[in-house]
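Chemist: Could you look at this predicted model? Sequence included:
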Amino acid sequence: MTFPTPDWLTQDARNVWRPYCQMKTAPAPLAVARTQGARIILEDGRELVDGIASWWTACHGYNHPHIRAAVTAQLERAPHVMFGGLAHEPAYRLARRLADLLPGDLNHVFFAESGSVSVEIAMKMALQYWINRGVAGRTRFLSFQGGYHGDTLATMTICDPEEGMHSLFAGVMPSQIVTALPVDAASEAALDALMGEKAGEIAAIIVEPRIQGAGGMLFHSDEVLRTLRRLADKHDLLLIFDEIFVGFGRTGDLFACSGSGVTPDIVTLSKALTGGTLPLSAAIARSKVFEAFWSDDAGAALMHGPTYMANPLACAAANASLDIFETGQWKADVARINAALADGLEPCRAAPGVVDVRTYGAIGVVEFDHPVETGPLCMAFAEHGCWIRPMGKVVYLTPPYVTTNAELAQLTGAIRAVLLGK
């Protein structure tokens, strides 16, 4: 069935550079009119259940009335003001609340606009931490196979080089150390030896805790994180958790670092920070990191400041999102979603090319033995009333926590129908 295309989509398409697709051959994007709850309403009137929460951001669903009211009220007061030399209540209150929610002494919040930038800031903090302490040579990072940390130049260097999206840029930036996660005694011993050999070069270890997201939705245990903390301490290295994907309840704990009992030296947050309404991110450091910058020497300051950092509208949205988390309903919803995804996706093991079906918190994954075709699959799922965008070798679901049982059944049913042909 064909559907009408709005004039703006065809007339203005030549001026838009779309993400993550070869525009010459990719299907045209679907035109969105509005959103509500767990649904995307298209210009042609169709409604799609959003199975990926707009790249994992819309954790409370779209147009949540509490977040909308907070943003509206802030818009009337001050939509934006620079954060250099000025301050405003939404940012200061948000920083305190995040510090209170995070474990240990993760107390020092540096705001930015996007997840990739927050990772770059964390990397910059780690590099300057050693410089400020008078330690030379700590200029590299240790990251892990299967990892993904962003598309900006520095973050590309700590992504898995075999992952594919960034392979064209090999050699453009300084190389980092990318190795295997310590998932057993042999890989732990190998990592320990590598750190012992390279510790004098390494500024920090960076990892996505519990789940490596865009690199393939790869799961690992909390014991891996405890091993990394132990080895980081042994070799005097900083440990950074990139919680941009898993933060704010996605794995069943508000933060993976809290649930795992492992406190990193720096944690990065974004994605669901504002409930999927406005761009905002943060790099949050422990006291020992911050104290390396606290000095009478002006040159020891962190000279960084994104123009829209701590945007008041975004901070108001984030504070409202935290209000919703404080009700506690999300925990039951994540458990409910997990059960629905586990049951609904299990039959996909029988689909051709499928090598695994797995769930973790509000995440469901069907993994293939080959890369899948994103565009055609998106359109096929849309025919079943769902917005599901595969990546790499996986078809996955990360729905908003407000997704109803009927909507969850529609999502898993669409995947079964497309993959199994029934």
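Modeler: The structure has been received and is ready for your questions.

Chemist: Pretty sure D323 sits against H66.
Modeler: Yes. In this structure, D323 is within contact of H66 by C-beta atoms under 8 Å, at 6.2 Å. All C-beta spots, glycine's among them, are computed from the backbone N, C-alpha and C.

Chemist: buried ones in the host helix or strand of H66?
Modeler: Assigned by DSSP states H and E, H66 belongs to helix 65-77. Residues of helix 65-77 classed as buried by neighbour count (16 or more other C-beta atoms under 10 Å): I67, A70, V71, Q74.

Chemist: distance of the second one from T274?
Modeler: Taking C-beta to C-beta, to the nearest Å as the measure, A70 and T274 are separated by 10 Å.

Chemist: residues shared between the contacts of these two?
Modeler: Common contact partners of A70 and T274 (C-beta atoms under 8 Å, 6 or more residues apart in numbering): A317.

Chemist: Who are the packing partners of the helix holding H66?
Modeler: Applying 3 or more C-beta pairs under 8 Å, 6 or more residues apart in numbering; DSSP states H and E, we find helix 65-77 packed against helix 312-326.

Chemist: The helix it packs on packs against which elements?
Modeler: helix 65-77, helix 89-101.

Chemist: Dump the ones you listed into TSV; add mean pLDDT and distance to E120 as well.
Modeler: Shown next, in TSV, are the helices and strands packed on helix 312-326 (pLDDT from 0 to 100; distance: least, C-beta to C-beta, whole Å):
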stretch	mean pLDDT	distance to E120
helix 65-77	98	27
helix 89-101	98	19
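
Chemist: Now the residue most central in space within the chain. Nearest residue, chain neighbours left out?
Modeler: Taking C-alpha atoms, centre = their mean, the centroid of the chain lies closest to F245, which sits 2.4 Å from it. In this structure, F245 finds its nearest non-sequential neighbour in G213, 3.7 Å apart by C-beta to C-beta, 6 or more residues apart in numbering.

Chemist: Contact partners for that neighbour?
Modeler: W56, Y148, I244, F245, V246.

Chemist: three-state assignment of the residue nearest to A95 when sequence neighbours are not counted?
Modeler: Excluding its sequence neighbours, the residue lying closest to A95 (C-beta to C-beta, 6+ apart) is V109, at 4.0 Å. Put simply, V109 is strand when judged by DSSP: H, G, I helix; E, B strand; the rest coil.

Chemist: Was I right to think V109 contacts D100?
Modeler: No. At 11.0 Å, V109 does not count as touching D100 under the criterion of C-beta under 8 Å.

Chemist: Who has more neighbours out of the two?
Modeler: Looking at V109 and D100 with other C-beta atoms under 10 Å, you find the greater number of neighbours at V109, namely 22 against 9.

Chemist: Report the contact partners of that one.
Modeler: Contacts of V109 by C-beta under 8 Å, 6+ apart are L94, A95, L98, A99, A282, A283, I284.

Chemist: count of neighbours near the fourth one?
Modeler: By the criterion of other C-beta under 10 Å, A99 has 14 neighbours.

Chemist: so how many other residues sit close to the closest residue to it other than its chain neighbours?
Modeler: Closest residue in space to A99, ignoring its immediate chain neighbours: N107 at 4.5 Å, by C-beta to C-beta, 6+ apart. For N107, the tally of surrounding residues (other C-beta under 10 Å) stands at 16.

Chemist: before we move on, what about P27?
Modeler: Using other C-beta under 10 Å, P27 is surrounded by 12 other residues.

Chemist: Could you check the pLDDT of the closest residue to it other than its chain neighbours?
Modeler: Of all residues not flanking P27 in the chain, G375 sits nearest, at 4.7 Å (C-beta to C-beta, 6+ apart). Here, the pLDDT recorded for G375 equals 92.

Chemist: For Q22, see how far away G375 is.
Modeler: 9 Å.

Chemist: if you count what's nearby, which of the two comes out ahead?
Modeler: Higher neighbour count among G375 and Q22: G375, with 16 against 8, using other C-beta under 10 Å.

Chemist: got the contact list for the more buried one?
Modeler: G375 neighbours (C-beta under 8 Å, 6+ apart): C21, A26, P27.

Chemist: And the last one, how close does it get to I324?
Modeler: Taken as C-beta to C-beta, the spacing of P27 relative to I324 amounts to 35 Å.

Chemist: cool, and the first one?
Modeler: Per C-beta to C-beta, C21 is found 33 Å from I324.

Chemist: out of these two, which sits in the more crowded spot?
Modeler: Per other C-beta under 10 Å, whichever of C21 and I324 has more neighbours is I324, with 18 against 13.

Chemist: Can you check the pLDDT for the residue nearest to F245?
Modeler: Reported pLDDT for G213: 96.

Chemist: Now do the phi/psi pair for it.
Modeler: G213 adopts backbone torsions of phi -70, psi -80, taken as degrees, to the nearest 10.

Chemist: Same question for V365.
Modeler: Torsion angles, degrees, to the nearest 10, at V365: phi -130, psi 130.

Chemist: Next: the one 5 residues further on.
Modeler: Here the main-chain torsion angles of H370 (degrees, to the nearest 10) amount to phi -150, psi 160.

Chemist: Number of residues surrounding it?
Modeler: H370 has 9 nearby residues by other C-beta under 10 Å.

Chemist: wait, it sits on V394?
Modeler: No. Using C-beta under 8 Å as the test, H370 is too far from V394 to be in contact (11.1 Å).

Chemist: Tell me where the model's unsure across the chain.
Modeler: 1-2, 163-166 (pLDDT under 70).

Chemist: As a quick check, tell me the outermost residue of it.
Modeler: Max radial position in the chain (C-alpha atoms, centre = their mean) goes to D296, at 36.0 Å.

Chemist: Please tell me how far it sits from N132.
Modeler: Distance from D296 to N132, by C-beta to C-beta: 12 Å.

Chemist: Strands of the stretch 1-150 of the chain, start to end?
Modeler: In the stretch 1-150 of the chain, the strands defined using DSSP state E, counting those that start in this stretch lie at 32-36, 39-42, 47-50, 106-112, 140-144.

Chemist: what's the second one packed up against?
Modeler: Okay, so that is strand 39-42. Where contact means 3+ C-beta pairs under 8 Å, 6+ apart, strand 39-42 is packed against strand 32-36, strand 47-50.
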